[in-house]
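1. Based on what follows, work out the 3D shape:
(2 chains)
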Amino acid sequence: MPDALAVSLNGKAFTVPAGTTVAAAVLIAGQSSFRRSVSGQPRGPLCGMGICFECRVTVDGVRHVKSCQTLCRQGMQIDTDE
Amino acid sequence: MNRERPDIVVVGGGPAGIAAAVSAAECGASVLLVDDNPALGGQIWRGEEANPSVRQARRWTERLRNSSVEISRGFRIFDQFGPGVLLAESSEGMRKINYSRLILCTGARERFLPFPGWTLPNVMGAGGLQALAKAGMPIRGKRIVVAGTGPLLLPVAVYLKRHGAKIELIAEQASRTSVAVFGRTLWRYPGKLAQALGIFASLAGVPFRFGCWPLEAKGDDCLRSVVLQQGVRRFEIECDYLACGFHLVPNLELANLLGCDIKDGIVEVNEVQQTSIANVYCAGEPTGIGGVDLAILEGQIAGFAAAEQQHKARRVFRTRAHHREFANALDKTFVLRPELKKLARKDTFVCRCEDVSFERLAQCRSWREAKLYTRCGMGPCQGRICGAATEFLFDWSAESVRPPVFEARVESLMATEMSVPEVRV
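-> Below is the predicted model:
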């Protein structure tokens, strides 16, 4: 496995160290809002352990992926709301 | 080992689960350990499987590696298919898990309490922020306020500080007096005392307040500052992150689904950690929040008992009793103060999945009524976050569960409908 993984967030490419979760990758990219709530509020990770679902994002086209429990893979495309 | 039906399945790969799996396997049982995270360790030993830094964790993960335990990572159990059969899902697909005996070591989560602004991005759990930092979130140079209650706050602050964060304040809602009483029980637990002294040494120079709690998180699209209260004094601190959790609540969903007796918010077990269902054992936080040492001891007892080595289990009873006393002291120390019931304003969301406000919930008489009329607890988290909050705010009991206990893909649910239950031998 390479030490650095190339991923993209909303189409913008960057690299993260191997072992980084998708949640951490979004934060590394400087974004703190991961999704919009049902009333439109910005939300980001809360529990960090796969319980609260606030950090869910779209990964390679699959929606509602819990980013805190998913490791980044080479070439992964991450998309957040908006 | 019979891969189709191991003697013992352990659910949860934290300290209790690892101890249970290792203990049972060392007695000669075939054991499968299932965990929903990419790596073992649970919350307290997160990251220890790959890079051990805690001696206790290193010792147990080494024993695990040298054992015959089969490990299944990244699988989340979402339903029971029939007696002795669980259904689990990973990103790769669904899997049926057969068991003769089951040991539940499902751990605990943080309790979150609603206050204005608690839904803003960058307001996170204390353990939550630490977990994210361990997973690669950058914290160097970030200004962090650590607040809430419980023994977790200090080690979290130590971790964050060690990794370059600037801890602006640690605010513990419990009073100085009750924490001091707790501190005096520590001399009976030399390991914990040494740990506590180490923590205080590492936090030298960090502002610390007892009897202090967050009132409001401020910011537009993101956290900007936190307003706190101590006695009659209110003050505001600018920060990048608020790490805020109010002690822990056990993860009871699976025990509940299987029909284990639960009383006062914990799974009822006998002296060998056996639940009301004869072939289901439970160890660690679900039987009462007690910390890592108690979890390991309970795990060992459950592992030995499930492997039918009762005499080995009995040898651990005395040490377990000693550590249960510590758990009782924890409960007394970090009781939530009544002021925390008044933090939420009318328009503060209590249910974050469905954006249900405090005002709407205040009109309901029960958890069930709240679910029916407001959709509180009906979102993806299924009440895992708001359930503990409404229990404190309104004295509601949010214990009943329905399958699937975790979200599952339609393909998995369909697969469970179409397949034929296996005959139990």
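
2. can you tell me the helix or strand for B:Ser23?
-> Per DSSP states H and E, B:Ser23 falls inside helix B:15-26.

3. so where's the longest helix in chain B?
-> If you go by DSSP state H, chain B has its longest helix at helix B:317-333.

4. Now do that helix: everything it contacts.
-> B:150-151, B:174, B:178-179, B:181-182, B:185, B:188-189, B:192, B:271, B:288-291, B:293-294, B:297-298, B:301 (C-beta atoms under 8 Å, 6 or more residues apart in numbering or on different chains). In this view, the C-beta of every residue, glycine as well, is placed from N, C-alpha and C.

5. so after it, what's the next helix or strand?
-> strand B:349-351.

6. Within the sheet, what are the partner strands of the helix or strand that that next one is followed by, with directions?
-> Moving toward the C-terminus from strand B:349-351, the next helix or strand (DSSP H and E) is strand B:356-357. If you go by DSSP bridges, strand B:356-357 pairs up with strand B:349-351 (antiparallel).

7. Could you list the residues in contact with the strand it pairs with?
-> The contact list for strand B:349-351, computed with C-beta under 8 Å, 6+ apart, reads A:37, A:41, B:114, B:119, B:344, B:355-358, B:361, B:374-377, B:379, B:383, B:385-386, B:389-390, B:393.

8. how does it look with 6 Å?
-> B:Pro114, B:Thr119, B:Asp355, B:Val356, B:Ser357, B:Phe358, B:Leu361, B:Cys376, B:Cys386, B:Ala389 (C-beta atoms under 6 Å, 6 or more residues apart in numbering or on different chains).

9. The fourth one: what's it in contact with?
-> Residues in contact with B:Val356 (C-beta under 6 Å, 6+ apart) are B:Val350, B:Thr374, B:Cys376.

10. Would you mind naming what in chain B lies close to chain A?
-> Contact residues, chain B versus chain A (C-beta under 6 Å from any C-beta of the partner chain): B:38, B:109, B:119, B:121-122, B:124-125, B:128, B:131-132, B:135-138, B:221-222, B:355, B:380-381, B:384-385.

11. for the residue positioned nearest the centre of chain B, what are its contacts?
-> For chain B, B:Ala108 is the residue whose C-alpha lies nearest the centre (C-alpha atoms, centre = their mean; 1.8 Å). By C-beta under 6 Å, 6+ apart, B:Ala108 lies in contact with B:Leu248, B:Pro250, B:Glu285.

12. Tell me the strands beside the helix or strand of chain A with the lowest mean pLDDT, with direction?
-> Taking mean pLDDT, DSSP states H and E as the measure, strand A:62-66 is the helix or strand of chain A with the lowest mean score, a mean of 93. Counting by DSSP bridges, the strands paired with strand A:62-66 are strand A:56-59 (antiparallel).

13. can I get the CA coordinates of the partner strand in CSV?
-> Below are the C-alpha coordinates for strand A:56-59, written out as CSV (Å, rounded to 0.1, in the frame of the first residue of the first chain):
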residue,chain,number,x,y,z
ARG,A,56,-22.3,10.6,6.3
VAL,A,57,-21.1,11.4,2.8
THR,A,58,-21.1,10.0,-0.7
VAL,A,59,-18.2,7.7,-1.5
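
14. Do me a favour and average the pLDDT over it.
-> Strand A:56-59 shows a mean pLDDT of 97.

15. who's in contact with it?
-> A:Phe34, A:His64, A:Val65, A:Lys66, A:Ser67, A:Ile78, A:Asp79, A:Thr80.

16. can you pull up the bridge partners for the third one?
-> Residues found in beta-bridge contact with A:Val65 (criterion: DSSP bridges) are A:Val57.

17. neighbours around it, how many?
-> Neighbours of A:Val65 under the rule other C-beta atoms under 10 Å in any protein chain shown: 18.

18. ditto for the last one
-> Residues lying near A:Thr80 (other C-beta under 10 Å) number 20.

19. Touching, it and A:Ser32? I think so.
-> No - taking contacts as C-beta atoms under 6 Å, A:Thr80 lies outside contact range of A:Ser32: 10.3 Å.

20. Go through the contacts of B:Ala108 and single out the one with the most neighbours.
-> Neighbour counts for the contacts of B:Ala108, by other C-beta under 10 Å, peak at B:Glu285, which reaches 33 neighbours.

21. Excluding chain neighbours, give the residue nearest to it in space.
-> Nearest residue to B:Glu285 in three dimensions, chain neighbours excluded: B:Ala108, at 3.7 Å (C-beta to C-beta, 6 or more residues apart in numbering or on different chains).

22. Next one: the one you found relative to B:Gly12, how far apart?
-> Per C-beta to C-beta, to the nearest Å, B:Ala108 is found 10 Å from B:Gly12.

23. Could you tell me how far B:Gly14 is located from chain A?
-> For B:Gly14, the distance to chain A (C-beta to the nearest C-beta, to the nearest Å) stands at 11 Å.

24. okay, and for chain A, where does confidence drop off?
-> Filtered on pLDDT under 70, chain A yields the residue ranges A:1-2.

25. What segments of it are helices?
-> Using DSSP H, the helices of chain A run over A:22-28.

26. Could you do the stretch 151-300 of chain B as well?
-> B:153-162, B:176-185, B:190-202, B:253-258, B:292-306 (DSSP state H, counting those that start in this stretch).

27. Does the residue nearest to the centre of chain B have any beta-bridge partners, and if so which?
-> With DSSP bridges as the rule, B:Ala108 is bridged to B:Pro250.

28. Out of the helices of the stretch 151-300 of chain B, indicate the one that is most buried.
-> A comparison of the helices of the stretch 151-300 of chain B by mean neighbour count, using mean count of other C-beta atoms under 10 Å in any protein chain shown, puts helix B:292-306 on top with a mean of 28.

29. ok, then the element right after that helix?
-> Toward the C-terminus, helix B:292-306 is succeeded by helix B:310-314 as the next helix or strand (DSSP H and E).

30. in that following helix, what counts as buried?
-> Going by neighbour count (16 or more other C-beta atoms under 10 Å in any protein chain shown), the buried part of helix B:310-314 is B:Lys312, B:Ala313.

31. So which residues make contact with it?
-> B:Val272, B:Ile301, B:Phe304, B:Ala305.

32. Next, format those as a markdown table and append pLDDT.
-> Output for the contacts of helix B:310-314, formatted as a markdown table (pLDDT from 0 to 100):
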| residue | pLDDT |
| --- | --- |
| B:Val272 | 98 |
| B:Ile301 | 98 |
| B:Phe304 | 98 |
| B:Ala305 | 98 |
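
33. Which parts of the stretch 51-200 of chain B are strands?
-> Shown for the stretch 51-200 of chain B, the strands assigned by DSSP state E, counting those that start in this stretch span residues B:70-72, B:76-82, B:85-90, B:93-98, B:101-104, B:108-110, B:123-124, B:143-149, B:166-172.
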